[in-house]
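> Quick one, what's the 3D model for this:
(chains A and B)
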Amino acid sequence: GAGVSQSPSNKVTEKGKDVELRCDPISGHTALYWYRQSLGQGLEFLIYFQGNSAPDKSGLPSDRFSAERTGGSVSTLTIQRTQQEDSAVYLCASSPFRTGAETQYFGPGTRLLVL
Amino acid sequence: DAKTTQPPSMDCAEGRAANLPCNHSTISGNEYVYWYRQIHSQGPQYIIHGLKNNETNEMASLIITEDRKSSTLILPHATLRDTAVYYCIARNNAGNMLTFGGGTRLMVKP
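Residues are numbered from 1 along each chain as shown, chains lettered A, B, ... in the order given. All right, here's what the predicted structure looks like:
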């Protein structure tokens, strides 16, 4: 089927507003990751889900960031009271989580611009 | 994940093979070699991975040395659309975040 999809593809918001970013993983993939990438920078890990639970939230930069995953499928990343430094491309990846090697497949990203 | 070292940039003529090297001299026995690429303004794209044996798929070939301390990604007939940053990663456990190093910026020229 289809690959990882994300919506919206672009989001412009004003400082202080809340935003929700959505990720639809590949069907059947149990693991889901959120990363962000600032312009010209590498990947910054945010959070990882295995099913609906998040064993690793270590990358969330502040308590303004939260994420949930329901039904072991769709995930939403919420940023409250957005700041200009939140501007980045937010990337979602999913994987089938087999032991040993694990391939993560990425979506196209959501480009967030906070004015 | 083991540290990997790649040249920062390479050029390749369109239609020629692009050979991208990667050193991973501290790789452990259970770490796989993964290659991803990122085309400008797009999400990272999985290319190929391998453990010991050479691997080939529709996108590329991966040649891993017998001692596993280095590998080469081969794009057999590079096209302009292969211009991207290519990342080599050595990793094992599922559930871990991906960490990209500097990668190799491949420029395919007409």
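
> Neighbours of residue B:89, how many?
Using other C-beta atoms under 10 Å in any protein chain shown, the number of residues around residue B:89 comes to 21. To be clear about C-beta, it is placed using only N, CA and C from the backbone, and glycine gets the same treatment.

> Sorry, slip of the keys, the one I care about is residue B:43.
22.

> now the one 3 residues further on
Residue B:46: 17 surrounding residues under other C-beta under 10 Å.

> which bits of chain A sit near chain B?
Near chain B, the residues belonging to chain A are A:4, A:31, A:33, A:35, A:42-43, A:45, A:48, A:50, A:55-56, A:59, A:89, A:91, A:93, A:95, A:97-109 when assessed by C-beta under 8 Å from any C-beta of the partner chain.

> same thing but 6 Å
A:42-43, A:45, A:91, A:97, A:101-109 (C-beta under 6 Å from any C-beta of the partner chain).

> Filter these down to just the ones in helices.
Using DSSP state H, no member of these sits in helices.

> Narrow those to those that are buried.
Buried members of the residues of chain A next to chain B, scored by 16 or more other C-beta atoms under 10 Å in any protein chain shown, are A:42-43, A:45, A:91, A:101-109.

> export those residues to JSON lines and tack on pLDDT and distance to residue A:10?
Output for these, formatted as JSON lines (pLDDT from 0 to 100; distance: C-beta to C-beta, whole Å):
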{"residue": "A:42", "pLDDT": "82", "distance to residue A:10": "21"}
{"residue": "A:43", "pLDDT": "85", "distance to residue A:10": "19"}
{"residue": "A:45", "pLDDT": "89", "distance to residue A:10": "23"}
{"residue": "A:91", "pLDDT": "96", "distance to residue A:10": "14"}
{"residue": "A:101", "pLDDT": "58", "distance to residue A:10": "33"}
{"residue": "A:102", "pLDDT": "77", "distance to residue A:10": "30"}
{"residue": "A:103", "pLDDT": "87", "distance to residue A:10": "27"}
{"residue": "A:104", "pLDDT": "90", "distance to residue A:10": "23"}
{"residue": "A:105", "pLDDT": "92", "distance to residue A:10": "21"}
{"residue": "A:106", "pLDDT": "94", "distance to residue A:10": "17"}
{"residue": "A:107", "pLDDT": "95", "distance to residue A:10": "14"}
{"residue": "A:108", "pLDDT": "94", "distance to residue A:10": "11"}
{"residue": "A:109", "pLDDT": "96", "distance to residue A:10": "10"}
